[in-house]
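1. When you get a sec, could you give me coordinates for this:
(chains A, B, C and D)
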2 protein chains.
Amino acid sequence: MSSDTTEQTDAVIVGLLFAAVQAVHVHFEHVASRYGLTVQQAKFLRSLEGPQPMRAVAVQNSCDPSNVTGVIDRIERLGLVQRTPDPSDRRVRLLSLTAEGRRVRRKIDSELDHVPALAGLSAHERSELARLLALV
Amino acid sequence: MSSDTTEQTDAVIVGLLFAAVQAVHVHFEHVASRYGLTVQQAKFLRSLEGPQPMRAVAVQNSCDPSNVTGVIDRIERLGLVQRTPDPSDRRVRLLSLTAEGRRVRRKIDSELDHVPALAGLSAHERSELARLLALV
DNA sequence: TATTGTTATACTCTATAACTATA
DNA sequence: TATAGTTATAGAGTATAACAATA
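-> As a prediction, this is how the structure comes out:
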């Protein structure tokens, strides 16, 4: 057991961070697949708020714009997202969730509120973890 | 029971966890690519300790054994890993780092010890973060 | 000329299933 | 029969470059 005084290197923290994410990832994947979505598709779905251009979604998910086309294609095929032309700039396509898309996103969000890997943490540990992660 | 801090839901922590990982991921990717490696290849490299069967590597990285073949193929092509037959069971191939592989891994590890995203944390915050992440 | 979204291309990662060579 | 590793296959995500439509 590491004590409060043990110094931790970045590499150790990075290792722990990846391990922690993997534990959470398993649950995320399980939840997403229940709705026929991959993790990435679920992330895109969660990042969609109001109607916004593809470009904005690319920035939000820090990926190349050419990726957005494909990922959105697959979510759109499931009827969760729709593309509508922007009247003020006909180059732009605005993305927005369908009613079904909003329903699925709400369900996913609520299921993410019961992550087994986080069940062992006390209220104080949660807030402390949240505070520290926010610093990263 | 409630302390001076706000209570955090799982979803909030998951969001912060993913955000923190993304911040670290950028650095990891940068370091790995400097040695011609992808993030996944660098992870495999770091997970290799003594000579061990492919199977063990698959378990360690929690992926299907069929993946290991391809990823190791690519690292092997770079001369960082080698496959040697196990005398006690001729079905098994033992994986081990080459001298060059050990050198690269050491370098990567040392570069991971200076993660910009973690620079703002104090020694106490680091050990506390490490402790909490270990609980997840 | 510059920008938005798309397409074409190529590569990596991923799991499933079938295969081989051993055990 | 069972197991270790491979191969074949298919799909998803990724970036780069070239493209059409629009600004």
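2. any idea which helix or strand carries the spatially most central residue of chain A?
-> The centroid of chain A falls nearest to A:K43 when counting by Cα atoms, centre = their mean (3.3 Å). Per DSSP states H and E: A:K43 is located in helix A:39-47.
3. What residues of that helix count as buried?
-> A:Q41, A:A42, A:K43, A:F44, A:L45 (16 or more other Cβ atoms under 10 Å in any protein chain shown). For the C-beta atoms, the positions are set from N, CA and C on the backbone; glycine is no exception.
4. For the biggest helix by length in chain A, give me every contacting residue.
-> Secondary structure of chain A per DSSP state H: the longest helix is helix A:10-33. With Cβ atoms under 8 Å, 6 or more residues apart in numbering or on different chains as the test, helix A:10-33 has contacts from A:38-39, A:41-42, A:108, A:111-112, A:115-118, B:14, B:17-18, B:20-21, B:24, B:28, B:43, B:62, B:109, B:112-115, B:118, B:126, B:129-130, B:133-134, B:136.
5. so where is chain A shaky, pLDDT-wise?
-> For chain A, applying pLDDT under 70 flags the ranges A:1-6.
6. can you map out the strands along chain A?
-> Counting by DSSP state E, chain A has strands at residues A:52-53, A:81-85, A:93-97.
7. near DNA strand C at all, the second one?
-> Yes. Using Cβ under 7 Å from any atom of the strand as the criterion, contacts between strand A:81-85 and DNA strand C involve A:R83.
8. what about the closest residue to A:T69 other than its chain neighbours, distance to chain B?
-> Once flanking residues are discounted, A:T69 sits nearest to A:M54: 7.2 Å by Cβ to Cβ, 6 or more residues apart in numbering or on different chains. A:M54 is 20 Å from chain B, where distance means Cβ to the nearest Cβ, to the nearest Å.
9. what's the neighbour count on the nearest residue to A:V81 once chain neighbours are set aside?
-> Excluding its sequence neighbours, the residue lying closest to A:V81 (Cβ to Cβ, 6+ apart) is A:I75, at 4.7 Å. When counting by other Cβ atoms under 10 Å in any protein chain shown, one arrives at 25 neighbours for A:I75.
10. Also the one 4 residues further on?
-> The criterion is other Cβ under 10 Å. On that basis, A:G79 has 12 neighbouring residues.
11. Does it touch A:A99 like I think?
-> No. A:G79 sits out of contact with A:A99 when judged by Cβ atoms under 8 Å, with a separation of 9.5 Å.
12. quick one on the thing from earlier: save the strands of chain A as CSV, and put in distance to DNA strand D and mean neighbour count too.
-> Converted to CSV, the strands of chain A look like this (distance: least, Cβ to the nearest atom of the strand, whole Å; neighbours: other Cβ atoms under 10 Å in any protein chain shown):
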stretch, distance to DNA strand D, mean neighbour count
strand A:52-53, 12, 18
strand A:81-85, 9, 15
strand A:93-97, 11, 19
